[in-house]
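*Asks:* take this sequence and fold it.
(2 chains)
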Amino acid sequence: MSHVRQQIREAAATAVTGLTTSGARVFQSRTRPIADGSLPCLLVNTDDETVEVLTVDGLVLDRRLTLSISAYAKATSSLDDTLDTMIAEVETVLGNTTLSGKVKSLALQSVRIEMEQGEKPAGRAVMQFEANYMTVANAPSTAI
Amino acid sequence: MAFDADDMDAFFDADMPGYMLATIGAASVPCLFRGPYSESLGMVESSNPSILCQSADVTGVVAGTTTLTVNGTSYTVISTQPDAPLAQTRLILEEA
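*Replies:* This is a model prediction of the structure:
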C-alpha cells in the first residue's frame, strides 16, 4: 500500500480536478515542460516533511508535510487576475478539508507569484499547504 | 573603408536566414526574425520572438504601443533595443 504522502498527493489532485479554470489539467509531480495545450493547469507536489516523535517508544509520529499546488497560466492580458482566480478556486476546495480523513489539518502557509516574459507572459502561483498527519513508525501507509 | 548604407542593406537581404517583411502600419520593413525556444519559469514551453531591423525603418515604433505583423502573426512591441554603432534596432515582441 502507498505511503500516506502519496495518498495525500493523490487526494489533493483529485480534489482540485475539475476546477473552473484548470479543469482536468492537473498533474502530479510533473517535471516535463508544459505546452500551451496543457495550460492553464495545476501541478501537485508533496515536498519537504518534518517528523516529530510523540511517544517515548518512538512509535507514534506527528508529521507535517508541505503540499504544493502550483497554478500555471499564460496570457497576454490579465494574467494576474487569472492566477488570483486559480488561487481562489484551489483555496475553496482545500481550505477546509481533511482529504477524507488522511490529514488532521490542511492549512495554507504561503502563496508566491512569479511571472516571466515570453511570446506571451507566463505566470505561476505556488500555494504551499501544511498537511498534518500521523502514523505509526512502522506503518507509513496508514494515517492514524 | 567605412561601411555605408549599401553595406548595411546586405544584412537584410532576402537570402539571410530569418529574413521577412514586417508590416508596421502601412510600411513593409525588412527584418530578420528570431524566435528561439525558451521555458518560462523553467516549466512553460515558450519562445522569445524578436526582429532585427535597420533603425531608420523603425523610428516611429513605441514599446508597449506599436503593433506589427510578421509571418502572419500579430505582435506588440514590448521593447526597442537600439544598437547605435550598427544603426540596427532589435524589437522584442509579444503575441498580440
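
*Asks:* get me the contact residues on chain A for chain B.
*Replies:* Counting by Cβ under 8 Å from any Cβ of the partner chain, the residues of chain A close to chain B are A:30, A:33-36, A:39, A:43, A:72, A:74, A:76, A:114, A:116-124. No exception for glycine: its C-beta is placed from N, CA and C like everyone else's.

*Asks:* restricted to strands, list those residues.
*Replies:* Judged by DSSP state E, the residues of chain A next to chain B include A:Leu43, A:Tyr72, A:Lys74, A:Glu114, A:Glu116, A:Ala122, A:Gly123, A:Arg124 as members of strands.

*Asks:* list buried residues within these.
*Replies:* A:Leu43, A:Tyr72, A:Lys74, A:Glu116, A:Ala122, A:Gly123, A:Arg124 (16 or more other Cβ atoms under 10 Å in any protein chain shown).

*Asks:* got the residue ranges for the strands in the chain?
*Replies:* All of this is about chain A. Counting by DSSP E, the strands of chain A are A:26-28, A:41-53, A:60-74, A:105-116, A:122-136.

*Asks:* that was the other one, I meant chain B.
*Replies:* Taking DSSP E as the criterion, chain B carries its strands at B:19-24, B:27-34, B:37-40, B:44-47, B:50-54, B:67-70, B:73-83, B:88-95.

*Asks:* now mean pLDDT and distance to chain A too, for those strands, in CSV please.
*Replies:* Listed next are the strands of chain B as CSV, based on pLDDT from 0 to 100; distance: least, Cβ to the nearest Cβ, whole Å:
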stretch, mean pLDDT, distance to chain A
strand B:19-24, 97, 15
strand B:27-34, 96, 12
strand B:37-40, 96, 4
strand B:44-47, 97, 3
strand B:50-54, 97, 10
strand B:67-70, 97, 12
strand B:73-83, 96, 7
strand B:88-95, 96, 5
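
*Asks:* distance to A:Gln7 and mean neighbour count added to the ones you listed, as TSV?
*Replies:* Shown next, in TSV, are the strands of chain B (distance: least, Cβ to Cβ, whole Å; neighbours: other Cβ atoms under 10 Å in any protein chain shown):
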stretch	distance to A:Gln7	mean neighbour count
strand B:19-24	54	18
strand B:27-34	47	18
strand B:37-40	31	16
strand B:44-47	29	21
strand B:50-54	47	22
strand B:67-70	50	18
strand B:73-83	45	15
strand B:88-95	41	20
